[in-house]
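Peer 1: Based on what follows, work out the 3D shape:
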Amino acid sequence: MENLQPEAAAASGGIVAPKIASAAAREPFAVSDRERLAALLTYPLAYLYIRSASADAPAAQRLLLAAFALGFFALSEYLYRGVSRARESWVWLGCAAAVLASILLERGNAWEEGLPVAFLHIFAVWWALSRSGALLAGESGSLLPLDALNGFALFPFGNLPLRLRTAWTALARLRRGRAPGKEEAGAAAWTLAVTAAALGLLALAANLLIDADSGFAALARGFFALLRFDWDFDRLLAFAYRVLFSLPVGAYLYGLLGGALRADRARLRSRAAEVGETLELLRGVPARVWLALLSLFCALYALFFAVQGRYLFGAFTRTLPAGFLVSEYARQGFFELCKVMAVNFALLWLVTRSARTDGRGRRALRALCLALLSEILLAVVALSKLALYIDCFGFTPRRLQSTWLACVLAFGCCCAAWSLARGEKTFRVWMYFGAVTLSLLCLY
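Peer 2: Okay, here's the model as predicted:
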């Protein structure tokens, strides 16, 4: 009877019901002053975002978007002050700054219209995740899909009511006052707000009556004439629509920032560990099966290079196959080669995650995987074709995009080979390379 209260036991003859904590009892919702202010600031910030999307002039759109982006980063930095900063957050902030500069300077010629704005959104969300420490593993890496799911969906949509709850606590605090001596100040502020709203309604009613009746308009040349002003109902309606659409945008915005701030770091790390343990359970494919399959892939590529070697490497010697023009030769097969490289990356992921290996099997698989990564020759061939094309027909933004894609794939091959040979994680380095080069490319 150690869990029974002695007073209650004595009063009831030594028999009492055990005291069970109520399942509904939860910790009260508590927010800091910083969260309250940040929640209130997201209202004008979200309106600024909607205003940038609805502006008629392209210059106004760019300036408003830049103002929103600067406000977003400043508000995030204010909200996350005191949270230890991850060094990689500077990488994503720099990428976002480069893309924003390209938008303001009307650059971004290497990409289709609108893509730099999409890149800016991606870098901003990733910066918020890394700055708040809400990445699953504490840093970017192979859990990229799950981190993206958190940043773009689970955090913002799972915390949509968070801004309203936080802002309500700020208003309730203003209404009550922080201390008994400040209740009068809160009541005075509320009275002033109500009075201002009533006077605004009075002005609206007076103007409508003046427009409705010419006799009343002549009679109201005195006091009510002072309240007369011209209404542009189209602009008023547009403003109302923008405010309306900014509400869910602001809720999403604060859901992301506030949700990342309030996310349980220990739970995030445990989820990352659970994902790793689950992937380890997939290691059930015998090594000999993968050895046979990888041997088939390597044989296929060896046959391809043997048969088509003269055709593939013709760009290095500036000799074209019979019947081919330079434009046909350069374009044919470029994206197919890139797709083959993407297929091989998927194959390598399956091998490293599903193979059940011992010492000898691991070494044999590593050797075949490294042989498979000789596909970097495909990227070299693709780049040689592009170089020949650019040399003959000049430089264009689309050819720059293709060059960037081939370089990213080639760098990915090098990272994968290094990881296989040295056992070090290189996916994050590949992410940095792709993101930094993409953002710099926006400045073209």
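Peer 1: what's the helix or strand for Y43?
Peer 2: Using DSSP states H and E, Y43 sits in helix 33-54.
Peer 1: again, but for D56
Peer 2: Applying DSSP H and E, one finds D56 in no helix or strand.
Peer 1: Can you tell me how far it is from L64?
Peer 2: Remark: distance between D56 and L64 (Cβ to Cβ, to the nearest Å) = 11 Å. Using the backbone N, CA and C atoms, a C-beta is placed for each residue, glycine as well.
Peer 1: same thing with A371?
Peer 2: Distance of A371 to L64, computed by Cβ to Cβ: 53 Å.
Peer 1: who's more crowded, these two?
Peer 2: More neighbours surround L64 than the other of A371 and L64, with 19 against 15 (other Cβ atoms under 10 Å).
Peer 1: Verify the contact between the more buried one and L48 for me.
Peer 2: Yes: in this structure, L64 is within contact of L48 by Cβ atoms under 8 Å, at 6.1 Å.
Peer 1: Give the buried residues for stretch 127-147.
Peer 2: 127-137, 140-143, 146-147 (16 or more other Cβ atoms under 10 Å).
Peer 1: which non-adjacent residue is nearest L154?
Peer 2: G259 (7.9 Å; Cβ to Cβ, 6 or more residues apart in numbering).
Peer 1: what helix or strand does the one you found sit in?
Peer 2: Following DSSP H and E, one finds G259 within helix 233-262.
Peer 1: other SSEs contacting that helix?
Peer 2: Counting by 3 or more Cβ pairs under 8 Å, 6 or more residues apart in numbering; DSSP states H and E, the packing neighbours recorded for helix 233-262 are helix 33-54, helix 58-79, helix 115-132, helix 155-158, helix 162-176.
Peer 1: can you do 6 Å?
Peer 2: helix 33-54, helix 115-132, helix 155-158, helix 162-176 (3 or more Cβ pairs under 6 Å, 6 or more residues apart in numbering; DSSP states H and E).
Peer 1: separation between the residue nearest to C369 when sequence neighbours are not counted and A292?
Peer 2: In space, C369 comes closest to L420 once its chain neighbours are excluded; the distance is 5.5 Å by Cβ to Cβ, 6+ apart. As judged by Cβ to Cβ, L420 and A292 stand 19 Å apart.
Peer 1: what ranges do the strands span in the chain?
Peer 2: Per DSSP state E, the chain carries strands over the ranges 285-286, 355-356.
Peer 1: And the ones you listed, which one averages the lowest pLDDT?
Peer 2: For the strands of the chain, mean pLDDT drops lowest on strand 355-356, to a mean of 82.
Peer 1: Can you read off the pLDDT for the closest residue to G250 other than its chain neighbours?
Peer 2: Of all residues not flanking G250 in the chain, A46 sits nearest, at 3.2 Å (Cβ to Cβ, 6+ apart). At A46, the model reports a pLDDT of 94.
Peer 1: list the contacts for A355?
Peer 2: Going by Cβ atoms under 6 Å, 6 or more residues apart in numbering, A355 touches V285, A287, W290, L365.
Peer 1: go again using 10 Å as the cut-off
Peer 2: Each residue near A355 by Cβ atoms under 10 Å, 6 or more residues apart in numbering is listed here: 282-291, 294, 361-362, 365, 369.
Peer 1: Can you flag the buried ones in these?
Peer 2: When those are checked for burial by 16+ other Cβ under 10 Å, the buried set is V285, A287, W290, L291, L294, G361, L365, C369.
Peer 1: Surely the residue nearest to L154 and F155 touch.
Peer 2: Yes: taking contacts as Cβ atoms under 10 Å, G259 lies within contact range of F155: 3.7 Å.
Peer 1: Who has more neighbours out of the two?
Peer 2: Neighbours per residue, other Cβ under 10 Å: of G259 and F155, the larger number sits with F155, 26 against 22.
Peer 1: where does the stretch 201-350 of the chain have low pLDDT?
Peer 2: Low-confidence segments of the stretch 201-350 of the chain, defined by pLDDT under 70: 203, 206, 210, 213-233, 307-334.
Peer 1: thinking again about what came up before, which neighbours do G259 and F155 have in common?
Peer 2: A128, S132, A134, L162.
Peer 1: Just the closest of the residues you listed to L438, please.
Peer 2: L438 lies nearest to A128 out of the shared contacts of G259 and F155, by Cβ to Cβ, at 18.6 Å.
Peer 1: Can you name the residues that contact that closest one?
Peer 2: 72-73, 76, 79-80, 89, 92, 134, 151, 155, 253, 256-257, 259-261.
Peer 1: again, only this time at 6 Å
Peer 2: S76, A260.
Peer 1: From C95, how far off is the residue most central in space within the chain?
Peer 2: By Cα atoms, centre = their mean, the chain has its centre lying nearest to V125, at 3.2 Å. Distance of V125 to C95, computed by Cβ to Cβ: 12 Å.
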